[in-house]
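Undergrad: give the three-dimensional model of this entry:
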Amino acid sequence: MLGTYYYHEIIRRTIISFGTLFNNIEIKHKTQAGDAFSTVKVPIAYGPTEKFVARLEQRPDLRNRVAITLPRLSFEMDGITYDATRKVSTMQTFKAFTTDGSKSARKVFMPVPYNLSFKLYAMTQYNEDSLQIIEQILPFFQPSFNLSVNLVSSIGEKRDIPMVLDSVNFEDNYESGMDEKRIIIHTLGFTAKTFLFGPVADSASGLIKKVQVDYNTNTANRKESSRQLRYIAEPRALKDYNDDGVTTLGQDIDKKVKSFLVSDTSSLSTTTYIAINNELMYITAIDGNKITVRRGEDGTLIDTHISGTNVDAVNAADDALVELGDDFGFSEQRFDFGDGKIYSPTKGVDVWVNLTK
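TA: Next comes the predicted model:
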């Protein structure tokens, strides 16, 4: 279990998404007449505030373009905690599909809820600058702001992650003396309520592709009663996916014809489906190169078809190629029993019931 390598970059993606929330903050300086004479886009970088304050204090001029200048935003992740209030069953799973073009189904366990703690620092030299920054942030958090994050790109798992504003603190380290550097720091605390996913299976194993129900007549003793009726359902394709072209039409057929000639019936069998153009048909009888069918199966449109048109088999190979969003039907089987056996899920076979207990 532990030691299987995987890396979804969920924490990294959440950190980047949090930072992009604040990458378009601006401040404007105005004249006494109210006209803006300069607009400054506030830069943002990842790192603790102490790092930037230390670099600022090493330069005598805060407006020197060579050094770090104010205003500036910085942020950092400072904690990860488990969120028990959002816990779900550890055995619950859901079906997802890959985004690599194959649309392969994957069985995925439910994610684990974790809270990521962030600190956002707004550092300015002037109080007016800090107020402009704060007013451009606070109204969007009431107290949360939902941010869509692509958590697991391989299966296209996107979720809205609430970014919750927890606190706002203020610090002004200006003390005395006209030559002292003044740095006003607003610290905003946030919590990102994200989810961490475990490894995603490389195959579709574990997905339910068959349903089997056994009906018992003796309800008084269910453990020892044998099944009398079994019902099995499996997904079935409603169109041809692989263009197998097992034969061709030997004659023109109109919308009323139910028996017609094909060039070869060696790859056809009764009680199976075929597709001619977009019409699905069910074979009820085969006599030489002549087949009898039910037309317009599963709601497909009955149409005319000309001699030489490909006839495609719709079989198990097509069932395996059903894509996300496609309509599909069910192949159903019913069995009557009286042999005194029951189905064992662990062994996968029918076993005798011990009626001596």
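Undergrad: please make it C-alpha for all contacts and neighbour counts, starting now.
TA: Noted.
Undergrad: the one helix or strand Ser167 maps to packs against which elements?
TA: Ser167 is part of strand 157-172 when elements are defined by DSSP states H and E. Where contact means 3 or more Cα pairs under 8 Å, 6 or more residues apart in numbering; DSSP states H and E, strand 157-172 is packed against strand 144-152, strand 184-196.
Undergrad: out of those, which one sits most buried?
TA: With neighbours defined as mean count of other Cα atoms under 10 Å, those peak in mean count at strand 184-196, which reaches a mean of 21.
Undergrad: from the chain's centroid, how far away is that one?
TA: 25 Å (Cα atoms, centre = their mean, to the nearest Å).
Undergrad: now stretch 36-45
TA: That offset, for stretch 36-45, works out to 38 Å (Cα atoms, centre = their mean).
Undergrad: could you do stretch 23-37 as well?
TA: Distance of stretch 23-37 from the chain centroid (Cα atoms, centre = their mean) equals 43 Å.
Undergrad: repeat for stretch 34-53
TA: On the basis of Cα atoms, centre = their mean, stretch 34-53 sits 37 Å off its chain's mean C-alpha point.
Undergrad: and for stretch 316-330?
TA: That offset, for stretch 316-330, works out to 20 Å (Cα atoms, centre = their mean).
Undergrad: tell me where the chain is predicted with low confidence.
TA: Low-confidence regions of the chain, defined here as pLDDT under 70, cover residues 1-2, 49-68, 101-103, 173-181, 203-208, 217-227, 323-325, 338-342, 345, 352-357.
Undergrad: got the domain ranges for it?
TA: Structural domains annotated on the chain: 10-83+111-196, 211-351, as defined by automatic domain parsing.
Undergrad: including distance to Gln92, could these go into CSV?
TA: Conversion of the domains of the chain to CSV gives the following (distance: least, Cα to Cα, whole Å):
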stretch, distance to Gln92
domain 10-83+111-196, 9
domain 211-351, 18
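Undergrad: that's a helix at Arg13, yeah?
TA: Yes: looking at Arg13 with DSSP: H, G, I helix; E, B strand; the rest coil, it is inside a helix.
Undergrad: buried residues in stretch 270-287, which are they?
TA: For stretch 270-287, a neighbour-count test (16 or more other Cα atoms under 10 Å) marks 273-276, 279-284, 286 as buried.
Undergrad: find the nearest non-adjacent residue to Val246, please.
TA: Excluding its sequence neighbours, the residue lying closest to Val246 (Cα to Cα, 6 or more residues apart in numbering) is Asp312, at 5.6 Å.
Undergrad: for that neighbour, pull up the helix or strand it's in.
TA: For Asp312, the host element (DSSP H and E) is strand 310-314.
Undergrad: neighbouring contacts of that strand?
TA: Defining contact as Cα atoms under 8 Å, 6 or more residues apart in numbering, one finds that strand 310-314 is touched by 237-241, 243-249, 268, 272-277.
Undergrad: from the centroid of the chain, which residue is nearest?
TA: In the chain, the centroid-proximal residue (Cα atoms, centre = their mean) is Glu157; its distance is 2.8 Å.
Undergrad: please tell me how far it sits from Leu151.
TA: The span separating Glu157 from Leu151 equals 6 Å under the rule Cα to Cα, to the nearest Å.
Undergrad: before we move on, the earlier item: make CSV out of the helices and strands packed on strand 157-172 and add distance to Gly296.
TA: Compiled in CSV, the helices and strands packed on strand 157-172 are given as follows (distance: least, Cα to Cα, whole Å):
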stretch, distance to Gly296
strand 144-152, 42
strand 184-196, 47
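Undergrad: appreciated, that's everything.
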